[in-house]
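Novice: Quick one, what's the 3D model for this:
(2 chains)
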Amino acid sequence: MKKRKGIWALVLMLLLSLALVGCNSSSTSNEGEPDDSTDDNGTEETAAGGQLVFGRGGDSTSLDPAATTEGEAFKVTVNLYETLINFGEQDTEIHPGLATEWSTSEDGLTHTLKLREGVKFHDGTDFNADAVVYNFERWKGGDKEQFYYYNSQFGDKIDSVTAVDEYTVEFKLNTPIAPFYKNLAMSPFGIASPTAIEEHGDNFFKNPVGTGPFKFKEWRENDRITIVKNEDYWQEGLPKLDEVIFRVIPENSARLNALATGEVDLIDGVNFSDKETIESNPELQVFERPSLNIGYLGLTSTRKPLDNKLVRQALNHAVNKQEIIDAFYAGAADPAINPMPPVVAGYNPEVEDYEYDPEKAKELLAEAGYPDGFEMELWAMPVPRPYMPEGQKVAEALQKMFEEIGVKAKIVTYEWGTYLEKANAGEADTFLLGWTGDNGDADNFLYVLLDEDSIGSNNYSYYKNDEVHELLLKAQASSDQAERDELYKQAQVIIKDDAPWIPLVHSTPLLAGSANISNFLAHPTGSDLLSSVEIKN
Amino acid sequence: MELSTNNQLQRPLEPVEEKAVSPWLEAWRSFRKNKLAVLGTLIVLFFILLAIFAPLIAPQGINEQNFEKRLLAPSSEHWFGTDDFGRDIFSRVVHGARISLWVGFLAVTGSIVVGCLLGILAGYYGKWVDTIISRFFDILLAFPSILLAIAIVAVLGPSLKNALIAIAIINIPNFGRLIRSRVLSVKQEEYILAAKAVGMKNSRILFHHVMPNSIAPIIVQGTLAIATAIIEAAALGFLGLGAEAPNPEWGKMLTDSRAFLVQAPWTMIFPGLAIMLTVLGFNLMGDGLRDALDPKMKN
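Specialist: Now for the predicted structure:
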């Protein structure tokens, strides 16, 4: 009896599993069919279209670009919203965007912008001067927590924004803002539909509505964001793609695997060490993102013994940057000397780097009163970033270099959110971090990262120097570019001497895609516009 | 069938000899006959020696970075190749034995001490003491063990010491329950009743009679638990929750080499083999011990 029961159970299980398999295949084919048919239609009618799957390291935190500072968010929003001014395809020069022409008054305090006519938001609302004014009023009404970039780039310096007529906007400033138009071109200042903002209120960040080439479709948290073609886009023939899916694949090598198997079409955050492998595969191609970043080790100047300038300089002397670059960036990076990359206007090429010299470092430590070194924490980034693809490994290399001069570093890491929060609270002795420029202006590096006003936001190293502060403010208010350059150059000299960081690298971030992608241009700011990308099947 | 008749035939001859030997010696004899168990023991001994003499055996220290020699394939100079820091993998694997065995032994010792104490209390006193302790075990067992370990490390902060504590904690109920059941059965034995009747103190009964009678299963379970503990430590290390850099913990070495799976497979193969071999060794040895020590397994 027992045996027979066993057989019956087995038969039952087999039947059940067959039935389940049957269900499975039928449901997938159901899902698959409509997709296929749309694809077919697309290729027949327009000869373009198709779907692009973009694999990336992290999810967006918000799809309201004004309410975030995070690169992963802009990567999506740059395709949903448009800004008044546009950057060039691969640079940070200014070009017409939603504004077609603009003029500045003699004193630099009044800017008048002519807007593009006949543009509509995705929800059908007209784009006009009132919409622009509405957006600026909204940002003005929020505090630093809510609209960080507005407050840091414009803040109180904008006195008023008014609609002169339906397609003319006038900005009145209290003090001149030198990079005014560059600021306007930054992703956070994408113009959103006033109707949608009213309708969704606090949930607008999940229901983005702009004028961009793509419309928002779906957001599954930590999995994917789907955007689809905006059929009524004002630029003829754009976008080329029907649908873009941003998928989250946190691990670099897993993401590359997904690309190799065809699961995704385009990925960012490619390990530098994988470059050769990708190039040797005829089905894949490598894209280089023009460098506009800095990866650094912050030395929190409020913590002992890093409050001592000599100690900070000693640590600078202990680091062999070229070795790190060769090992972890496959040579695709330049050693950093100043806190901003050389392409940015105002870069001071005369500043000399602390040369790699452990003996000198030991002398400086002894002079500072630490002949036997000291112990400290070294925070390693838990996530790959273009400027720091392998935080843990760079930390290990630095740990060893510091050990040579008698400094014992304990490598510590936290989940990314916690990491930033704690580092921002000044709890890290030394920490790896970096920055990708938003608008290619020196202000966006020096003021944002090292001015005392930025302590609590992006000045994680708590660096404070009144002289630097004065220079940076002066440069911000000046509209004479030559004078600005001079001020920034002076600031860099002082910063170098104070050594609030160990500037490590300016990397050339790598992306990779399948060979059938064309017209993809990686933007230095990290926000890639996908409207002219094509994919051949 | 044939085997058992054979045994029956031989049996009348044996008792004379058997009476003279201690149960431990008898266990050793049956253990020695088990070839796999002996192999396991040899592997374990090998790794223990490796761990003890690591500084003598390893040609390099654990963190001698040399970026000019990164990702070299195995050669006569670097037996296991080098990793992406140019460190000698052979040296790191040898030193890694120290960490893994240390974690394994210490964590298991910890869980044996705590688990036995709780188990004895629960089994001997029964009633509400038993209820409380047994429910505590149930709660611990309700979590998948590695998940619980991750949670504990997350609370304490990632470090080798905390990983060790976490592994010790998740293994407590295994030993606790084992001892409890032993105590429950031993408690009913006549010699315990006799001891009670004579007026022996509870503590004396527990440690002089109950404990020694429960030691065999603990040894077996302990050996097997070391194997699990090593895997768990490696898993935590792999997840970045175990040993801190630059400690050459095997699991951590695996994570660090993920990026070079294709390019430099030796960075992953050797630490992986080391984990596999130690765990296999402890498992074979544990199985052999169980066969040798468990009276029910004897024919």
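Novice: how close does the closest residue to residue A:441 other than its chain neighbours get to residue A:49?
Specialist: Nearest residue to residue A:441, sequence neighbours excluded (CB to CB, 6 or more residues apart in numbering or on different chains): residue A:179, at 4.0 Å. C-beta coordinates here come from the backbone N, C-alpha and C atoms, glycine included. Residue A:179 is 38 Å from residue A:49, where distance means CB to CB, to the nearest Å.
Novice: ok, now which ones touch residue A:415?
Specialist: For residue A:415, the contact set (CB atoms under 8 Å, 6 or more residues apart in numbering or on different chains) comprises residue A:382.
Novice: I'd say the residue nearest to residue A:441 and residue A:437 touch.
Specialist: No - applying CB atoms under 8 Å, one finds residue A:179 not in contact with residue A:437, separated by 11.1 Å.
Novice: Mutual contacts of these two, please.
Specialist: With CB under 8 Å, 6+ apart, residue A:179 and residue A:437 have common neighbours residue A:444.
Novice: Per-residue pLDDT of residue 20, please?
Specialist: In the absence of a named chain, chain A is used. Looking at residue A:20, its pLDDT is 48.
Novice: Correction: the question concerned chain B.
Specialist: pLDDT at residue B:20 comes out at 60.
Novice: What of residue A:463?
Specialist: pLDDT, read off for residue A:463, is 94.
Novice: and it, which of the three is it?
Specialist: Put simply, residue A:463 is coil when judged by DSSP: H, G, I helix; E, B strand; the rest coil.
Novice: again with residue B:111
Specialist: helix.
Novice: close enough to count as contact, it and residue B:179?
Specialist: No - judged on CB under 8 Å, residue B:111 makes no contact with residue B:179 at a distance of 11.3 Å.
Novice: Look up the closest residue to the residue nearest the centre of chain A, ignoring the ones flanking it.
Specialist: With distances taken as CA atoms, centre = their mean, residue A:71 lies nearest the centre of chain A, 2.8 Å away. Spatially, and ignoring its direct neighbours in sequence, residue A:71 is nearest to residue A:526 (4.9 Å; CB to CB, 6+ apart).
Novice: contacting residues for the one you found?
Specialist: Contacts of residue A:526 by CB under 8 Å, 6+ apart are A:71, A:74-75, A:289, A:386, A:436, A:509.
Novice: Against residue B:114, how distant is it?
Specialist: For residue A:526, the distance to residue B:114 - CB to CB - is 51 Å.
Novice: Residue B:111 and residue B:179 - which one has more neighbours?
Specialist: residue B:179 (29 against 24; other CB atoms under 10 Å in any protein chain shown).
Novice: Surely that one is in contact with residue B:215?
Specialist: No - the criterion here is CB under 8 Å, and residue B:179 misses it with residue B:215 at 9.8 Å.
Novice: Let's verify the closest residue to residue A:208 other than its chain neighbours: helix, strand, or coil?
Specialist: Using CB to CB, 6+ apart and skipping the chain neighbours, the partner closest in space to residue A:208 is residue A:63 (4.1 Å). Recorded secondary structure, residue A:63: coil (three-state DSSP).
Novice: Quick check on residue A:63: phi, psi?
Specialist: phi -110, psi 10 (degrees, to the nearest 10).
Novice: what about it, neighbour count?
Specialist: Around residue A:63 there are 25 residues (other CB under 10 Å).
Novice: need the contact list for it.
Specialist: Neighbours of residue A:63 in contact, by CB under 8 Å, 6+ apart: A:73, A:76-77, A:80, A:205-208, A:216, A:219, A:225.
Novice: let's see it at 10 Å
Specialist: Residue A:63 makes contact with A:73-74, A:76-77, A:80-81, A:192, A:204-210, A:216, A:219, A:225, A:227 under the criterion CB atoms under 10 Å, 6 or more residues apart in numbering or on different chains.
Novice: Pull out the buried members of those.
Specialist: For the contacts of residue A:63, a burial check counting by 16 or more other CB atoms under 10 Å in any protein chain shown picks out A:73-74, A:76-77, A:80-81, A:192, A:204-205, A:207-210, A:216, A:219, A:225, A:227.
Novice: and the residues you listed, which of them are in helices?
Specialist: Counting by DSSP state H, the part of the buried ones among the contacts of residue A:63 found in helices is A:73-74, A:76-77, A:80.
Novice: Low-confidence regions, chain A specifically.
Specialist: For chain A, the stretches flagged by pLDDT under 70 are A:1-48, A:537.
Novice: Same check on the stretch 151-299 of chain B?
Specialist: Short version for the stretch 151-299 of chain B, where the test is pLDDT under 70: B:295-299.
Novice: which residues are there in the stretch 51-200 of chain B that come within reach of chain A?
Specialist: When proximity is defined as CB under 10 Å from any CB of the partner chain, the stretch 51-200 of chain B approaches chain A at B:63-68, B:70-71, B:83-87, B:154, B:157-159.
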